[in-house]
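Asks: here you go, sequence then predicted model.
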Amino acid sequence: MSFEVPGSVRLDVLKAALSGDLEGLRISEEKPASCVRSYYDSFDWRLYRAGVVLEEEICGEEARLCWRNRESGRLERYQRIGTVPRFAWDLPMGPVRDRLEPVLEMRALQPLARVQVGSTTLRVLNSDDKTVLRLELEDACLLHTDGTQGAALGACLRVVPVKGYDKPPATVLGVIRGVLGLSQAPDGLLDQALRAAGRRPGDYSAKLDIRLDPGMPAAEAARTILGVLLDVVVANEAGTRADLDSEFLHDFRVAVRRARSALSQLRKALPPSLVERFAPELRWLGQITGPTRDLDVYLLTFGDYQAALPPGVREDVLPLREFLQRHQRQEHQSLVRALDSGRYATLRSAWREFVEGRAPAADPGPHAECAILEIASRQIWRDYRRVVREGSAISDDSPATGLHELRKSCKKLRYALELFLALYPPKATRKLIKFLKALQDNLGEFQDLEVQADALKRLAAQMMREGQVQADTLLAMGMLVEALMLRKQAAREAFAGHWSTFTGRENRQLYKDVFDRRGDCGEVA
């Protein structure tokens with residue numbers, strides 16, 4: 001809990017106000033301190049969204065990484081460090097890493113803002129001389145990258161509960177609110193620093209926020225959808241180029257795949273010349289980003305690879321990780337060259353011109369003026385029926401290709417549901433996506449395990465050709481392939497249960513009620 005402190009209320013005023021009758025409580029002042037706090041989060045604000053403030057606090061010669069509750073400001077845990085790591089797994093084992101890894105996952109930490117803080121702490125003691133509350137009076141200013149002082153962030157009084165005494169004494173709060181007349185600060189120091197630095201918390205999220213009106217003409221809706229997806233591509237381009245973490249490329253690729261899906265689903269609402277121009281270019285963009293992403297996935301999965309092996313064999317696959325890292329760097333360099341090419345620049349520029357309405361005039365598609373609700377509903381209903389048709393044809397004896405095709409159809413249905421989410425009741429769409437996601441997870445696991453097993457075989461052959469592999473590594477990789485194939489079989493056996501749930505009566509009826517519509521626009525395809 002923080003309170004705004006005007007210039008007229010300084011430390012002596014605060015102490016004088018608190019020195020009155022506090023019903024058995026007394027005040028103890030700590031030595032004033034000065035420190036520099038640097039705030040960190042992932043590109044997609046995972047910590048902020050989780051209600052966490054992560055800060056590097058340097059006071060004198062000591063640096064520590066602090067984990068605070070964003071709402072209360074309470075320091076919940078800290079860990080002494082040398083430098084702030086790039087990833088959570090780069091931290092030494094300790095209390096902050098324990099909390100940080102599950103939230104941050106594979107994302108890199110990025111600096112948000114740096115502030116200079118001068119503070120004095122007053123401890124509120126009870127009759128047993130135990131601290132029941134901490135009052136931290138802070139003055140802060142933003143620091144520029146060169147270390148010079150920037151905008152003043154003002155003063156605030158933080159009321160920080162102490163473990164075991166979670167409820168601040170009413171008499172203290174009464175003095176702060178009544179005698180001093182302080183009002184609660186709407187934002188903490190992090191939010192103030194972000195505002196002064198020109199940042200907005202949550203300004204990027206991997207979750208789509210496409211705002212559509214049911215009666216919107218389909219052509220206008222298509223432009224809106226493709227505009228949001230272009231913004232996602234552009235937002236992740238710098239991080240992809242710098243290879244800051246694997247999720248930049250992942251989000252970049254998902255946005256491209258969604259754009260390809262939108263182009264296909266709304267092709268009759270778009271000018272035919274535009275579809276003809278963009279479709280092959282978006283397919284090319286998917287192709288050039290594929291090899292790097294594949295290697296990213298293998299590296300992210302490497303810990304699972306090791307865990308699948310007996311303890312005495314786990315070290316034998318370390319040469320595989322070195323091989324993957326080396327080739328990932330090579331493929332990433334090729335990707336950056338492609339993103340530097342005139343072809344990519346032309347695609348991005350033409351994409352921007354279209355969504356901003358600056359593209360040359362072209363003949364509209366036949367469904368350009370149809371209401372997007374009708375087009376979307378008929379498309380989703382058609383995609384759903386295709387999934388049911390393909391899935392119902394799969395038996396225990398069906399080849400793997402049937403499941404692979406079903407996975408592709410499920411992905412198309414998922415993209416359609418996500419792109420047109422704003423048109424339908426949230427409760428219904430959440431339920432539909434939940435059922436579909438469970439089926440997709442099963443099909444995706446089956447596909448991924450098969451792809452990874454085949455890839456390990458190819459990688460082993462490539463490592464042999466390069467002459468940089470020992471027999472022990474090849475044997476360990478063979479054991480990995482066997483383990484993957486066993487998991488693949490388990491995923492195959494689990495398919496029937498997932499399919500039964502997806503085709504259950506409730507799900508079938510929900511699709512029919514929400515999407516089975518008849519209108520005047522004819523077939524969507």
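Replies: Okay, I see it. Numbers count the residues shown, from 1 in each chain.

Asks: residue 78: which element?
Replies: strand 75-80 (DSSP states H and E).

Asks: typo on my end, residue 287
Replies: Counting by DSSP H and E, residue 287 is found in helix 272-300.

Asks: ok, now residue 68?
Replies: Element membership of residue 68 [criterion: DSSP H and E] is strand 62-69.

Asks: partners of that strand, with directions?
Replies: strand 52-59 (antiparallel), strand 75-80 (antiparallel) (DSSP bridges).

Asks: convert the C-alpha atoms of the shortest one to PDB, please.
Replies: What follows is the C-alpha trace of strand 75-80 in PDB, where atoms were taken according to Å, rounded to 0.1, in the frame of the first residue of the first chain:
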ATOM      1  CA  LEU A  75       9.600  -7.800  -0.500                       C
ATOM      2  CA  GLU A  76       8.800 -11.500  -0.600                       C
ATOM      3  CA  ARG A  77      12.200 -12.900  -1.400                       C
ATOM      4  CA  TYR A  78      15.600 -11.800  -2.700                       C
ATOM      5  CA  GLN A  79      18.800 -13.300  -4.000                       C
ATOM      6  CA  ARG A  80      22.300 -11.800  -4.100                       C
END
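
Asks: just checking, what packs against the helix or strand following it?
Replies: Downstream of strand 75-80, the next assigned helix or strand under DSSP H and E is helix 95-104. With contacts taken as 3 or more C-beta pairs under 8 Å, 6 or more residues apart in numbering; DSSP states H and E, helix 95-104 sits against helix 46-49, strand 52-59, strand 62-69, strand 75-80. For the C-beta atoms, the positions are set from N, CA and C on the backbone; glycine is no exception.

Asks: re the thing from before, worst mean pLDDT among the strands paired with strand 62-69?
Replies: Ranked by mean pLDDT, the strands paired with strand 62-69 bottom out at strand 75-80, with a mean of 90.

Asks: list of residues touching that strand?
Replies: With C-beta atoms under 8 Å, 6 or more residues apart in numbering as the test, strand 75-80 has contacts from 57, 62-69, 91-92, 94-97, 99, 160.

Asks: now swap in stretch 345-361 and tell me
Replies: Taking C-beta under 8 Å, 6+ apart as the rule, stretch 345-361 contacts 223-224, 226-227, 230, 233-234, 274, 277-278, 281-282, 285.

Asks: show the subsequent helix or strand relative to the biggest strand by length in the chain.
Replies: Ranked by residue count, the top strand of the chain under DSSP state E comes out as strand 110-125. Using DSSP H and E, the helix or strand that follows strand 110-125 towards the C-terminus is strand 131-143.

Asks: what's the angle from that following strand to strand 75-80?
Replies: Using axes from the mean of the first three to the mean of the last three C-alpha atoms, to 10 degrees, the inter-axis angle of strand 131-143 relative to strand 75-80 is 60 degrees.

Asks: now do the longest helix along the chain against helix 272-300, angle only.
Replies: Ranked by number of residues, the top helix in the chain under DSSP state H is helix 426-466. Computed by the same axes, to 10 degrees, the angle separating helix 426-466 from helix 272-300 equals 60 degrees.
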